[in-house]
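Visitor: Please find the sequence and the predicted model below.
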Amino acid sequence: MLGCGTSLYSSSDGAQTWTAINTNLNLSGNLSRLEFVPGFIGWALTRLDDSGHSQLYRTTDGVNWTPLIR
């Protein structure tokens, strides 16, 4: 999976084709790391902001993201 704006893109055929998944989270320009385990359970970590903080989000469906650390 890779992220862009409020969409994640998923491929299951070695990157031959991609499917867009619209999410409730916009990480455009802020995404530092995106990790998924098999299925749609995943975590997203933002880059450090001006005050030196990042945010951690979790999803269980790939669509709805919940902040864990603010």
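Guide: The structure has been received and is ready for your questions. Numbering: from 1, shown residues only.

Visitor: Pairing partners for the helix or strand containing Ser32, with directions?
Guide: Taking DSSP states H and E as the criterion, Ser32 maps to strand 31-36. Strand pairing for strand 31-36, determined by DSSP bridges: strand 42-46 (antiparallel).

Visitor: who's in contact with the strand it pairs with?
Guide: 1, 3, 25, 27, 30-36, 54-59, 62, 65 (C-beta atoms under 8 Å, 6 or more residues apart in numbering). Heads up, the C-betas are built off the backbone N, CA and C, glycines and all.

Visitor: My read is that Arg47 contacts Arg33, right?
Guide: No: applying C-beta atoms under 8 Å, one finds Arg47 not in contact with Arg33, separated by 9.3 Å.

Visitor: Measure how far stretch 39-52 is from the centre of its chain, please.
Guide: 8 Å (C-alpha atoms, centre = their mean, to the nearest Å).
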